[in-house]
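K.L.:
Please find the sequence and the predicted model below.
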Amino acid sequence: MSDPANITLVTMDGTTFTVPSAYLHRSKLVQDWLRSEGDKQAMEVKHVTPFVLQGVLNFCEIHAEDTSEPLADPADPTKPFEADPRDDAFRGMPDDQLLQFTMAADILQIPELVRLTAQEMASRIDGKSPDQIRAMFNPDDLAEEDVDSDNEMGEVGEEGAISK
Amino acid sequence: MTFPTLPCEILRSIFAFLPSMPIVDHHIKRSDLFNCSLVSCDWRAAALQKIWYKLYLEYIDDTGRDTVERFVASIVDSAGGAPQGYVHGFRLVRVLDFMVFEDTNRNVLGANHLVHRTSPVLRIMHLFSPGQIHEIWYYLPRRQQALLPDIMCSALVKNLRLFSINVFQVSADDGVLQRLPKELEVLHVNGYKVDPEEDTSDEVPSSLESIFLLPCLNCLVLREINSIQLSSFKKYLCNYGHNLRRLEIQYCLNLITESVIDHIIKCPNLAHLALFSTAKAPQRVCEDTLCEDTLCSLVGPSTPIRDLQLVQLNAVSNRFLAHCAAHGYNLHSLVVVDANDRITGDGILDVGAWRGMANLQILPATRNPVSDVTMNKGFVEAVRKVAGRMKICLVGNHRLNDTKRIGISQLRDDIGNEVD
């Protein structure tokens, strides 16, 4: 049986990380695993590279002693987002790494990290054209007819806009 | 380089940080969300959900009306003619916000600004799928209330969870409010500004009583309605008060009585209570006039109320404040606006029950800094000692959690924002 005070995570290539369980108290995936399969030696974290997991664990360590209430929904508009200087490392990373951290945060179900990376992605999207966004994050293409229908809709009220 | 595909939930989180605006503005201004909707199929699906979530139709002037009508006409044409299986953004609308404004002098804008019976806005109401709309916010001026039966079609209200309306002249025969589903959870009913000297007995529709037959409401906001039958309201609290989590009675002067509070106390799940009176409220004393002892029973270890707002109630004095300071351990937020410059904090030195509070506001009746009531210094210092962990702590004209002294008008703005 593994040490209950620590948890060992195994990445997609077999690299292991052993950290205090308390670091991951905001990860719903880890907490569920500890409850149901905590007697096993290690928890597999598929689809996450060692580099990304190391960064996620750094985030968890930095915020291990935070006393704020757990965030239920990263997209909750009623919860104001305040930039934390301890998270600056996430703001300077390249687009592809940011995307991988976002995915890892989602896999490990850490809402606070999802919100942080999502906010950073949103700030990079700000003011960009569809082509520029596509170049940054390279998702699948879109059908021509969808673009055409939206452009027609945009021509409807160009003399004035509704303000609120 | 290989990029992972982002799941819809993450895209939703990203888009939560992009600005919201009316649908037509997203299109006209080519907003960030609009651009995201043109990036890929997955991004489009997630972006459209946010862009089209709320359909905001506002008639405020000629330009606004023309823009809305042309936009809605384009929706009606494109949604009506869309091939089967094609998901038009219109199908993603869940919140409908339809407002026709009056000016501040209560003179309705010219006839050109009104909604005509042939307007595409009325046609669009009938294009929604049954159960599609979850929230409706209507505001119609007096002369447009006749439209209500047209815009309350059964498909529109089938799956409604929130309904907000202003009422002037809806008659019982229209059956507008009777059409609300029994499952409705949140209801806001707004009347008009109360003037105690004005005879308004014929203004409020008798069909308003039907709202008290809605069993599942967990939030009820009644504002500026002065002729609800007291017996009906008390009966409602008896029958369905156990479902209420939030109750706001704003400027409905005949409902803020001793017997009503007695019924409110028995609502076992009521976490938020707001009672707003006005300095103009009649001072007549009768058997059912609210007294301070009854108000005190709202606060204590056995009551569920965590968020209490009492605005300009004559019954509130230093004694109520002392009771809250000694017994309000459950309170997370307390806002008291004085009615008649009686609240000074005199004699209150033990405020230990407020140690865990997040929002404390004890505000004077008047906006005029010159006539500000002087708060007891001992009371202010006692509150200052427990204010450190509060998000907001305003006592008189003192902001105690950052020790700055500020003007009354700023304080009133603060409470206004909080109340909103």
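P.N.:
Alright, I've got the coordinates.

K.L.:
Tell me the helices and strands packed up against the helix ranked longest in chain B.
P.N.:
When chain B is parsed with DSSP state H, its longest helix is helix B:62-80. Here helix B:62-80 touches helix A:144-154, helix B:23-28, strand B:54-59, helix B:120-124, going by 3 or more Cβ pairs under 8 Å, 6 or more residues apart in numbering or on different chains; DSSP states H and E. The C-beta positions use only the backbone N, C-alpha and C, and glycine is treated the same way.

K.L.:
then it to PDB, C-alphas only?
P.N.:
Extracted in PDB, the C-alpha atoms of helix B:62-80 (Å, rounded to 0.1, in the frame of the first residue of the first chain):
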ATOM      1  CA  ASP B  62     -35.600  55.100 -33.700                       C
ATOM      2  CA  THR B  63     -32.200  53.700 -34.400                       C
ATOM      3  CA  GLY B  64     -32.500  51.000 -31.800                       C
ATOM      4  CA  ARG B  65     -35.900  50.000 -33.000                       C
ATOM      5  CA  ASP B  66     -34.900  49.800 -36.700                       C
ATOM      6  CA  THR B  67     -31.800  47.800 -35.800                       C
ATOM      7  CA  VAL B  68     -33.700  45.400 -33.700                       C
ATOM      8  CA  GLU B  69     -36.500  44.900 -36.300                       C
ATOM      9  CA  ARG B  70     -34.100  44.400 -39.200                       C
ATOM     10  CA  PHE B  71     -32.000  41.900 -37.100                       C
ATOM     11  CA  VAL B  72     -35.100  40.000 -35.900                       C
ATOM     12  CA  ALA B  73     -36.500  39.900 -39.400                       C
ATOM     13  CA  SER B  74     -33.300  38.300 -40.700                       C
ATOM     14  CA  ILE B  75     -33.500  35.700 -37.900                       C
ATOM     15  CA  VAL B  76     -37.100  35.000 -38.700                       C
ATOM     16  CA  ASP B  77     -36.300  34.600 -42.400                       C
ATOM     17  CA  SER B  78     -33.200  32.500 -41.900                       C
ATOM     18  CA  ALA B  79     -34.400  30.400 -39.000                       C
ATOM     19  CA  GLY B  80     -37.800  29.700 -40.700                       C
END
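
K.L.:
And for A:F137, the neighbour number?
P.N.:
The number of residues packed near A:F137 is 23, by other Cβ atoms under 10 Å in any protein chain shown.

K.L.:
Next up, the contacts around it.
P.N.:
Applying Cβ atoms under 8 Å, 6 or more residues apart in numbering or on different chains to A:F137 gives the contacts A:95, A:99, A:121, B:3, B:6, B:39.

K.L.:
again, but for B:G347
P.N.:
Under the criterion of Cβ under 8 Å, 6+ apart, the contact list for B:G347 reads B:318, B:322, B:376.

K.L.:
what stretches of the chain score poorly on pLDDT?
P.N.:
Because you didn't say which chain, this covers chain A. The model of chain A has pLDDT under 70 over residues A:1-4, A:38, A:77-78, A:80, A:139-164.

K.L.:
if you could check chain B rather than the one you did, that'd help
P.N.:
Checking chain B against pLDDT under 70 turns up B:1-4, B:62-63, B:79-87, B:102-114, B:168-174, B:192-207, B:279-287, B:366-373, B:402-420.

K.L.:
All the strands of it, in order from the start?
P.N.:
Assigned by DSSP state E, chain B shows strands spanning B:54-59, B:95-100, B:135-139, B:162-166, B:186-190, B:219-223, B:246-250, B:272-276, B:307-311, B:333-337, B:359-363, B:392-395, B:398-399.

K.L.:
Need these in a markdown table (columns: mean neighbour count and distance to chain A).
P.N.:
Shown next, in a markdown table, are the strands of chain B (neighbours: other Cβ atoms under 10 Å in any protein chain shown; distance: least, Cβ to the nearest Cβ, whole Å):
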| stretch | mean neighbour count | distance to chain A |
| --- | --- | --- |
| strand B:54-59 | 21 | 6 |
| strand B:95-100 | 19 | 9 |
| strand B:135-139 | 19 | 12 |
| strand B:162-166 | 20 | 15 |
| strand B:186-190 | 18 | 15 |
| strand B:219-223 | 20 | 15 |
| strand B:246-250 | 20 | 15 |
| strand B:272-276 | 21 | 14 |
| strand B:307-311 | 21 | 14 |
| strand B:333-337 | 21 | 15 |
| strand B:359-363 | 22 | 15 |
| strand B:392-395 | 22 | 14 |
| strand B:398-399 | 19 | 20 |
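
K.L.:
Tell me which stretches of chain A form strands.
P.N.:
Using DSSP E, strands in chain A cover A:6-10, A:16-20, A:43-44.

K.L.:
Could you identify which of the ones you listed is most buried?
P.N.:
strand A:6-10 (a mean of 18; mean count of other Cβ atoms under 10 Å in any protein chain shown).

K.L.:
Run through who's touching that strand.
P.N.:
Under the contact criterion Cβ under 8 Å, 6+ apart, strand A:6-10 has outside partners A:2, A:16-21, A:24, A:30, A:34, A:41-45, A:53, A:57.

K.L.:
which ones among the contacts of A:F137 are found in helices?
P.N.:
A:95, A:99, A:121.

K.L.:
Show me which of these is closest to chain B.
P.N.:
Nearest to chain B, judged by Cβ to the nearest Cβ, of those is A:M121 at 4.8 Å.

K.L.:
OK, contacts around the closest residue to chain A within the stretch 201-350 of chain B?
P.N.:
Across the stretch 201-350 of chain B, the shortest distance to chain A (Cβ to the nearest Cβ) belongs to B:H332, at 12.6 Å. Residues near B:H332 by Cβ under 8 Å, 6+ apart: B:306-307, B:356-359.

K.L.:
Which members of these are the farthest-apart pair?
P.N.:
Across the contacts of B:H332, no pair lies farther apart than B:D307 and B:G356, at 13.3 Å, counting by Cβ to Cβ.

K.L.:
related to what we said a few turns ago, what subset of the contacts of strand A:6-10 is also close to chain B?
P.N.:
The subset of the contacts of strand A:6-10 within reach of chain B, by Cβ under 8 Å from any Cβ of the partner chain, is empty.

K.L.:
need the helices for chain A, in chain order.
P.N.:
A:28-37, A:50-62, A:88-91, A:95-107, A:111-125, A:130-137, A:144-154.

K.L.:
Enumerate the beta-bridge partners assigned to the nearest residue to B:L96 once chain neighbours are set aside.
P.N.:
Nearest residue to B:L96, sequence neighbours excluded (Cβ to Cβ, 6 or more residues apart in numbering or on different chains): B:I136, at 5.0 Å. Taking DSSP bridges as the rule, B:I136 bridges to B:L96, B:F163.

K.L.:
coming back round to it: so which of the strands of chain A gets nearest B:T294?
P.N.:
So among the strands of chain A, strand A:16-20 is nearest, using Cβ to Cβ, at 53.0 Å.

K.L.:
Surely A:T11 touches A:V45?
P.N.:
Yes. The criterion here is Cβ atoms under 8 Å, and A:T11 meets it with A:V45 at 5.8 Å.

K.L.:
quick one, which of those two is more surrounded?
P.N.:
A:V45 (23 against 20).

K.L.:
Now that one: closest residue in space that isn't a chain neighbour?
P.N.:
Nearest to A:V45 is A:L9, by Cβ to Cβ, 6+ apart, at 5.1 Å.

K.L.:
What about B:K235, how many residues nearby?
P.N.:
Using other Cβ under 10 Å: B:K235 sits among 14 other residues.

K.L.:
OK, contacts around it?
P.N.:
B:F212.

K.L.:
thought B:V386 was touching B:G352?
P.N.:
Yes. The pair B:V386 / B:G352 is scored as a contact, 7.3 Å apart, by Cβ under 8 Å.

K.L.:
Those two: which is more packed in?
P.N.:
Between B:V386 and B:G352, counted using other Cβ under 10 Å, B:V386 has the larger neighbour count: 20 against 13.

K.L.:
okay, the strands of chain A in CSV with distance to B:F98 next?
P.N.:
Formatted as CSV, these follow (distance: least, Cβ to Cβ, whole Å):
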stretch, distance to B:F98
strand A:6-10, 52
strand A:16-20, 54
strand A:43-44, 51
